[in-house]
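Visitor: sequence plus the predicted model coming up.
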Amino acid sequence: MRKGSLGFNLIELMVVVVIIAILAAIALPSYARYIKKARANNAGSDLATLSLMMETAYQKALKYPMNPIASTSTATTTTAGTQTYISNQTGITWTPAEAANFTYTMSITPTTYTLTATGISTTQNNGCTLTLTNANLKAMPSTTGCGGFSW
């Protein structure tokens, strides 16, 4: 009788490595798509929060506040951190959750506004664009790179 050896042989070890590689090849793209979708969802929440702030300001003044940062009614933010859009009229500051992955733009008139979140080109969300208007119209191009997020 032959006594069994202790441990694994090379074939068994290679089979385990192949199985792990197959699982990783399936899981990593799914995880990346999940991250894209979650970030797009957060950007949509950022737009909804800013929209609520705009509507609150409208209720107080019966017009949408113009942005005190820019000399025109359109402002673009490209840096992470606190975004102070309407502080002169309402004292509101806004900090987007996805400032590292999206840029937020506002186009404002006294009676309308359009809020846009655009994925930064150096992130996974490159090509993802979400738009929200004062009429609560949500738009997202059908070819957007939002990872299957439905806005």
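Guide: In hand now; what should we look at?

Visitor: below-threshold pLDDT in this structure: ranges please.
Guide: Residues of the chain meeting the criterion pLDDT under 70: 1-5, 67-93, 143-144.

Visitor: longest single helix anywhere in it?
Guide: Secondary structure assigned by DSSP state H gives helix 10-61 as the longest helix of the chain.

Visitor: tell me how far residue 65 lies from residue 104.
Guide: The gap separating residue 65 from residue 104 is 16 Å, by CB to CB, to the nearest Å. For every residue, glycine as well, the C-beta is placed using N, CA and C.

Visitor: try residue 64
Guide: Separation of residue 64 from residue 104 (CB to CB): 16 Å.

Visitor: nearest spatial neighbour of residue 37, skipping sequence neighbours?
Guide: Among residues not flanking residue 37 along the chain, residue 147 sits closest, at 3.9 Å (CB to CB, 6 or more residues apart in numbering).

Visitor: now do the contacts for the one you found.
Guide: Contacts for residue 147 (CB atoms under 8 Å, 6 or more residues apart in numbering) come out as 32, 33, 34, 35, 36, 37, 39, 40, 124, 125, 128.
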